[in-house]
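> Please work out how this folds:
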Amino acid sequence: MKNETRKKFNYAVSKVAEVNGIQDASVKFSVEPSIGQKMVDKVRESSAFLKRINIIPVDEMEGEAIALTKGSTIASRTNTKSGTPRKPIDPTGLESNTYKCVQTNFDVALRYEKMDAWAKFSNFYEKWQKFVNDTIALDMIMIGFNGKSTAVTTDRATNPLLQDVNIGWLEKIRTVAPERYMKEVVDASGKVNVGLNGDYKNLDALVTDAVNNLISELHQDATDLVVICGRSLLNDKNFAIVNNSSDNTDTLAGQVILSQKQIGGLPAARVPFFPDNALLVTSLDNLSIYFLEDAKRRQIIDNSSMDQVEEFQSSNDAYVVENYEKVALVENITIIE
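Take a look at the predicted model:
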């Protein structure tokens, strides 16, 4: 590491220590909740998708989901003259919906030669931190749509989509609410065929049926429902980008790409790392990530034995579907030409 680079690096590390009220950021420390919230906000700002879902601090490692979407009607009338008391209704629903936060490590290394290259910028640490935040955001999205287990020791080679880091939204729908999940139409076929001679003539018919039969009647007419699709279902001509016209497709990683077309009368959206031959009907605010408020840890080390700087971050997270009655998941979709 060049001397000028080291000066900038030492200054950045000292600022991290100062902000967190500690003497040395090279020793593992607990991030203050207010600073932790700012770190989460920075990650969230880097992804349009994360801005549209909920990222919520919680006090307990395990507990009941907050239930941010309506789970029941509340309008009623009672003849109190007969001595019958009015009965208030919990609009969040009565069914148990639990979460469990598990530790996730977001550890990064930067070689000295790359540090020297980044140090040419006056705000090199801010640029590096934004790069790290973007990477964390994409990993969180990947886990949300592909996570299936919480391995004691994860294996990136075997699980390139981070399937073993945490249990994501789709896996929770499969296991907690199988009545909201379609993986085949004909028993043991393992397919949902879409085409002239298929189970459904087109995707519109499939989405309409999913809404009518998998989503609770209470939410079938919700105006905030969207269809999140895998990239194999819709080709590029059906996915003309309606984001800001100044956006470059190379900069849209982590973003929500909206289609100019609808599927089954609902807006279609493509999100990074969503399974190719699947679709999910829900509202985006029905998906949440909870993090344990006082459990964020951080450490920044100059590891001269490896000629690199290492930054260790950890967070205890849970992926939560707020209301299972407002979801419909369809997988194994096969388009018949």
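> what residues are up against residue 291?
36, 40, 55-58, 101, 315-318 (CB atoms under 8 Å, 6 or more residues apart in numbering). Placement of C-beta: from N, CA and C, glycine included.
> Alpha carbons of the strand or helix carrying it, as CSV, please.
Element membership for residue 291, per DSSP states H and E: strand 287-292. Extracted in CSV, the C-alpha atoms of strand 287-292 (Å, rounded to 0.1, in the frame of the first residue of the first chain):
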residue,chain,number,x,y,z
LEU,A,287,-42.1,-8.8,1.5
SER,A,288,-39.8,-7.8,4.4
ILE,A,289,-36.3,-8.3,5.7
TYR,A,290,-36.0,-8.0,9.5
PHE,A,291,-32.7,-7.3,11.2
LEU,A,292,-31.8,-7.5,14.9
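> Any regions of the stretch 1-150 of the chain where pLDDT drops low?
For the stretch 1-150 of the chain, the stretches with pLDDT under 70 are 67-72, 74, 76, 89-95.
> tell me the helices in it, going along the chain?
3-19, 33-45, 48-52, 112-118, 124-146 (DSSP state H, counting those that start in this stretch).
> Can I get those helices in a markdown table including mean neighbour count and distance to residue 301?
What follows is those, written out as a markdown table (neighbours: other CB atoms under 10 Å; distance: least, CB to CB, whole Å):
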| stretch | mean neighbour count | distance to residue 301 |
| --- | --- | --- |
| helix 3-19 | 15 | 9 |
| helix 33-45 | 16 | 18 |
| helix 48-52 | 19 | 28 |
| helix 112-118 | 16 | 13 |
| helix 124-146 | 19 | 15 |
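> Quick check: which of these is nearest to residue 191?
The minimum distance between residue 191 and the helices of the stretch 1-150 of the chain falls on helix 124-146, with 20.6 Å, by CB to CB.
> So what's the gap between the helix or strand following that closest one and the chain middle?
The helix or strand immediately downstream of helix 124-146 is helix 169-176, counting by DSSP H and E. Its chain's average C-alpha position is 14 Å from that of helix 169-176, according to CA atoms, centre = their mean, to the nearest Å.
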